[in-house]
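1. Could you look at this predicted model? Sequence included:
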Amino acid sequence: MENKFKHPVHHFQIQVSNIQKSAVFYGELLDRLGFTKVFETEGMVEWQKEGTRIIVAQCPKRFLADGYHRKSVRLNHIAFRAPSRVAVDELYRNYLLPKKVPTLYGGTKERKDYDPGYYAVYFEDPDRIKLELVYVPGDL
């Protein structure tokens, strides 16, 4: 099946343990990445950039005890594209550090074992879901 869409991912949804805390976290992060809030109701917030939507929703109480660990059979992490290395550094320096967002693997760095020029910062949301901002020269 040929994919003729410019943005092949329509949306993804992240279940969170505390919608109030996560809505603030994702609102600030996604605003910096150029997303716009397009919908909000009790227990759910949705942002969009171009053709991709990100939904953050309150996890039902009966599933809260299970918690999250990226190494189990679940989503491992979400990587957002950055337009430049400078953008990766700016997010790290001007958002992650001042907000005391947990960063992983020592902050921003080039990953020599990945694509040439792969430059990223990895960090965690309030539920410890791993997120990444990455710049790869010539990528899409």
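-> Perfect, thanks for sending it.
2. Tell me which stretches of this structure form helices.
-> For the chain, the helices defined by DSSP state H occupy 19-32, 61-64, 85-91.
3. in stretch 82-91, what counts as buried?
-> 82, 87, 88, 89, 90, 91 (16 or more other C-beta atoms under 10 Å). For glycine as for every other residue, the C-beta is placed from the backbone atoms N, C-alpha and C.
4. among the helices of the chain, where is the model least confident on average?
-> Looking at the helices of the chain, the lowest mean pLDDT belongs to helix 61-64 (a mean of 86).
5. okay, it in PDB with CA atoms only?
-> Extracted C-alpha coordinates of helix 61-64, given in PDB (Å, rounded to 0.1, in the frame of the first residue of the first chain):
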ATOM      1  CA  LYS A  61      -7.600   4.400  37.800                       C
ATOM      2  CA  ARG A  62      -7.700   0.700  37.400                       C
ATOM      3  CA  PHE A  63      -4.500   0.800  35.400                       C
ATOM      4  CA  LEU A  64      -2.500   3.300  37.400                       C
END
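6. Can you tell me what sits against it?
-> Contacts to helix 61-64, defined as C-beta atoms under 8 Å, 6 or more residues apart in numbering, come from residues 15, 17.
7. List just the one of the helices of the chain that sits closest to residue 11.
-> helix 19-32 (12.8 Å; C-beta to C-beta).
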